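Peer 1: Dropping the sequence and predicted coords here.
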Amino acid sequence: MPHLLAADRCWPLHDLAATRRLEARALAQRPDLMQDAGLAVAKLALALWPGSGPVWVACGPGNNGGDGRVAARLLREHGVPVVLTPDEPVPAERPALVVDALLGIGLNRAPSTALAATMAAVQACGAPILAVDLPSGLRADTGQPAGAAAVRADHTLTLLTLKPGLFTGEGRAHAGQIWFDDLGVAADEPASADLLGPLELRERRATAHKGSHGQVLVVGGAPGMQGAARLAARAALACGAGRVYLDLLGAPASEPADPQRPELMRGRLGTLREAVGVVGCGAGEAIAAALPELLARLPRLVLDADALNAIAADPALQALLRARAAGTTLLTPHPLEAARLLGRDTAAVQADRLAAAAEMAARLACTVVLKGSGSVVATPGQRPAVNPSGGPALATAGSGDVLAGWLGGLWAQAATTGAHRVACAGVFAHGRAGKASGVLRAADLVERLATQA
Ligand SMILES: NC(=O)C1=CN([C@@H]2O[C@H](COP(=O)(O)OP(=O)(O)OC[C@H]3O[C@@H](n4cnc5c(N)ncnc54)[C@H](O)[C@@H]3O)[C@@H](O)[C@H]2O)[C@@H](O)CC1
Ligand SMILES: Nc1ncnc2c1ncn2[C@@H]1O[C@H](COP(=O)(O)OP(=O)(O)O)[C@@H](O)[C@H]1O
């Protein structure tokens, strides 16, 4: 039975190759699997149908179209008026609902002219769109359109497996609400990635004192950009770190860490050898000179923004990064910073976000959070993760600084936890707190994180 994907747990994601293996095994035992797929589509279409007006079922040449044909037959048997293309002409009037069954996981090139024209008609007809398995034209593994455009659906009913491309890149903007039906087939195939859910790493015992909750040292905030470092420090504090220190680059010692947050202290690496470093937020070029010592001395590091730019520009810093112990370094690049780290352009990073994150993680021997819609967490030797929480309210200056600080605060309290797990927990919580309509100012995001926690 189709169900709306619940956000309160993790889900396994299966890429195209894994889905094809699962499908082949399932088909060997249940040759009529398409009947069940079509039934699932018909049930959801019926639930979404407003009760009058025709349903346009737009079918393609393969099994995705086959699902559509089964659904069309079942809907008709239920008394729902159906227009089925390409057997019948495209409806002249606006339908009540469109079922997009043009292309699913069989997409292997840019849509042909004829299919692209039907996709455009589906998009333009003005009715709500229910996509079968995947919005037509979207690549299952990357969430990128294979051609000039992919269908932007209001609902997607994904069958058998959850595909990574529904959750990252352009996928979230194209899939709409995601429904899932495994068609009763056990997912006896290793997941290719995890879809993140809530994960709590903190514990406040009755006997807790500030010393039991670790220390964070935020290094950044060059003149004119101190807000970035302060946001990171506030986030670490909101997360519950026992003590949070700020090394404001170039600021006189008399300058308060944060006049609005008296809990924050000025501090420097010299005395804080056990702290989790959150390095780079608003740091400017000055961070390049400070990085060798920070990389050599701090046991756990979250590197963001200008620290990443400095590392991208300097092979010696890259070597220092690779020399750190496994599981102790976490990088949080947005796509442009990732492009600099990889020596390519942003479009190339976005074209396959899972692959780009994995490549950065492997090259630099770190955990990488590739930020953006559907942030990807990658670590050498571990299964990648994709984050479904968050949304465009986070697309505002400072929300990444808050993430870096939150990750540092979390890690300070989970000292024996590896970078990958910390990243998974922190990225999900950050996105969950950032779910809002409109824009969420970064300082308000910190407050939301504090109260949600
Ligand atoms: N794997 C699953 O989850 C299941 C598969 N089923 C359905 O079957 C679909 C996969 O079926 P298929 O492998 O037949 O794949 P599709 O139906 O997605 O597409 C394959 C067909 O489209 C053509 N094609 C591919 N790219 C094209 C392009 N860019 N322009 C024009 N034509 C193009 C191919 O030549 C082929 O004829 C799934 O997406 C799902 O809807 C269900 O029936 C059962 C479960
Ligand atoms: N459309 C979106 N959907 C989901 N998350 C988003 C979206 N836009 C931005 N974010 C998140 O907001 C944060 C922005 O970080 P970043 O680009 O580094 O901003 P800044 O450097 O200004 O703080 C990241 O965690 C990113 O994943």
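Peer 2: Now that the structure is in, tell me what you want to look at. Ligands and ions are numbered 1, 2, ... in the order given.
Peer 1: what stretches of this protein score poorly on pLDDT?
Peer 2: Scanning the chain for pLDDT under 70 picks out 453.
Peer 1: Pull up the residues of it that are close to ligand 2.
Peer 2: Contact residues (Cβ under 6 Å from any ligand atom) of the chain with ligand 2: 305, 334, 371-373, 375, 390-392, 394-395, 397-401, 403, 430. Placement of C-beta: from N, CA and C, glycine included.
Peer 1: Can you select the buried ones among those residues for me in ChimeraX?
Peer 2: In ChimeraX syntax, the buried subset of the residues of the chain next to ligand 2 is picked out as below (16 or more other Cβ atoms under 10 Å):
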select :305,334,371,372,373,375,390,394,398,399,400,401,403,430
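Peer 1: Go through the residues of the chain next to ligand 2 and flag which are in strands.
Peer 2: Secondary structure from DSSP state E places none of the residues of the chain next to ligand 2 in strands.
Peer 1: Check the gap between Asp32 and Ala415 for me.
Peer 2: 54 Å (Cβ to Cβ, to the nearest Å).
Peer 1: thinking again about what came up before, of the residues of the chain next to ligand 2, which are in range of ligand 1?
Peer 2: Filtered for proximity to ligand 1 (Cβ under 6 Å from any ligand atom), these leave an empty set.
Peer 1: Which ones among the residues of the chain next to ligand 2 map onto helices?
Peer 2: Among the residues of the chain next to ligand 2, DSSP state H puts Ala305, Ser399, Gly400, Asp401, Leu403, His430 in helices.
Peer 1: tell me which of those residues is nearest to ligand 1?
Peer 2: His430 (31.7 Å; Cβ to the nearest ligand atom).
Peer 1: Could you double-check that the closest one sits in contact with Val402?
Peer 2: Yes. Contact status for His430 versus Val402: in contact at 6.9 Å, counting by Cβ atoms under 8 Å.
Peer 1: so what sits against both of these two?
Peer 2: Residues touching both His430 and Val402 (Cβ atoms under 8 Å, 6 or more residues apart in numbering) are Leu445, Leu449.
Peer 1: and the gap between the residue nearest the centre of the chain and Gln123?
Peer 2: Centroid check for the chain by Cα atoms, centre = their mean gives Gly374 as the closest residue, at 1.9 Å. Distance from Gly374 to Gln123, counting by Cβ to Cβ: 22 Å.
Peer 1: Who does the nearest residue to Ala419 once chain neighbours are set aside form a beta bridge with?
Peer 2: Spatial nearest neighbour of Ala419, excluding adjacent residues (Cβ to Cβ, 6 or more residues apart in numbering): Thr367 at 3.7 Å. Beta-bridge pairing for Thr367 (DSSP bridges): Leu330.
Peer 1: so how many other residues sit close to Thr367?
Peer 2: 29 (other Cβ atoms under 10 Å).
Peer 1: Equivalent analysis for Val82, please.
Peer 2: With other Cβ under 10 Å as criterion, Val82 counts 20.
Peer 1: Dig out what it forms beta bridges with.
Peer 2: With DSSP bridges as the rule, Val82 is bridged to Val55.
Peer 1: For the protein, give the residue positioned nearest to ligand 2.
Peer 2: Gly400 (2.2 Å).
Peer 1: What parts of the stretch 151-300 of the chain come near ligand 1?
Peer 2: So far as Cβ under 6 Å from any ligand atom goes, the stretch 151-300 of the chain lies against ligand 1 at Leu159, Leu160.
Peer 1: how about the strands in the stretch 151-300 of the chain?
Peer 2: Taking DSSP state E, counting those that start in this stretch as the criterion, the stretch 151-300 of the chain contains strands spanning 155-159, 177-181, 193-195, 215-220, 243-248, 265-266, 276-279, 300-303.
Peer 1: Check which helices and strands the fifth one sits against.
Peer 2: Spelled out, it's strand 243-248. Identification of packing neighbours for strand 243-248 by 3 or more Cβ pairs under 8 Å, 6 or more residues apart in numbering; DSSP states H and E yields strand 215-220, helix 226-239, strand 265-266.
Peer 1: Centre of the chain to the last one, how far?
Peer 2: Relative to the chain's own centre, strand 265-266 is displaced by 33 Å; criterion: Cα atoms, centre = their mean, to the nearest Å.
Peer 1: re the thing from before, the residue of the chain closest to ligand 2 and Lys371 touch, don't they?
Peer 2: Yes. Using Cβ under 8 Å, Gly400 is in contact with Lys371, at 6.2 Å.
Peer 1: Need the residues touching each of the two.
Peer 2: With Cβ under 8 Å, 6+ apart as the test, Gly400 and Lys371 both reach Thr332, His334.
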